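> Build me a model from this:
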Amino acid sequence: MDGTWNLDHDRYVQAELVHCRFAMLGVVGVLVPELLTKLGVVNLPVWYEAGAMDISWTNFVTLVVVMHYMFGFAEMKRYMDFKNPGSQGAPGSFLGLEAAFKGGENGYPGGIFDPMGFSKGPEFEKMKLREVKNGRLAMMAMLGFFAQAASTGSSPLENLGAHLSDPWTANVASNSVALPFL
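Numbering: from 1, shown residues only. Sure thing, here's the model as predicted:
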């Protein structure tokens, strides 16, 4: 590369940012329901069994169609803002609610998505870097959750509890799936 920015680099930056945000939501979505279940607040299945929940309250096809349109709308707005930054805040772009989508730069929409005004503060560049670092950590955590569920059949907090109660036997070295050569 000659050191100049190009569309591919910008697209990869946006892709990483989206993946980071979904991974951070995923970690919260794995740990918080399990913690609330262990505390007796709610009774929810562990994350790797959540897809088997009863959804008799809706028709599956209806659920898929509604999700398709909702995600399609959100992704199209994100893509249009990526191709033409700031265009989603232009008058007439969304039923008179454009101010909610007006942002300063790609990937950081501002408006209703920044209620605390972090994008206007002097620490914004540091916060962006922290977001990506935490997002990368969350992606690795999700990878660990996937491997852990496949190898032990237990949830992250159950495995943590087993490890804390007996660290010499409940660890990665005692798992024949993680270390098959042992």
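> can you map out the strands along the protein?
For the chain, strands defined by DSSP state E do not occur.
> Give me the residue at the spatial middle of it.
For the chain, the residue sitting closest to the mean C-alpha position, by Cα atoms, centre = their mean, is Phe22 at 1.5 Å.
> Next, work out how far apart that residue and Thr58 are.
The spacing between Phe22 and Thr58, counted by Cβ to Cβ, to the nearest Å, is 23 Å. Placement of C-beta: from N, CA and C, glycine included.
> ditto for Pro115
Pro115 is 31 Å from Thr58, where distance means Cβ to Cβ.
> Check Val41 too.
Using Cβ to Cβ, Val41 is found at 24 Å from Thr58.
> same deal with Trp47?
To Thr58, Trp47 is 21 Å away according to Cβ to Cβ.
> Which one's more surrounded, those two?
The neighbour count for Trp47 versus Thr58, taken as other Cβ atoms under 10 Å, is higher for Trp47 (18 against 10).
> Settle this for me: the more buried one is touching Leu157, isn't it.
No - contact criterion Cβ atoms under 8 Å: Trp47 and Leu157 do not qualify, at 10.7 Å.
> anything in contact with each of these two?
Glu34 (Cβ atoms under 8 Å, 6 or more residues apart in numbering).
> what's the nearest residue to Ala52 if we skip its chain neighbours?
Spatial nearest neighbour of Ala52, chain neighbours left out: Pro45 (7.1 Å); criterion: Cβ to Cβ, 6 or more residues apart in numbering.
> Mind naming the longest helix for the protein?
helix 7-38 (DSSP state H).
> Work out the gap between it and the centre of the chain.
Computed by Cα atoms, centre = their mean, to the nearest Å, the chain-centroid distance of helix 7-38 equals 2 Å.
> Buried residues in that helix, which are they?
The neighbour-count check on helix 7-38 (16 or more other Cβ atoms under 10 Å) flags 14, 17, 20-21, 23-24, 26-27, 30-31, 33-34, 37 as buried.
> And that helix, what does it pack against?
Applying 3 or more Cβ pairs under 8 Å, 6 or more residues apart in numbering; DSSP states H and E, one finds that helix 7-38 contacts helix 60-83, helix 124-152, helix 156-165.
> of those, which approaches Asn106 most closely?
For Asn106, the closest of those is helix 60-83, at 5.7 Å, according to Cβ to Cβ.
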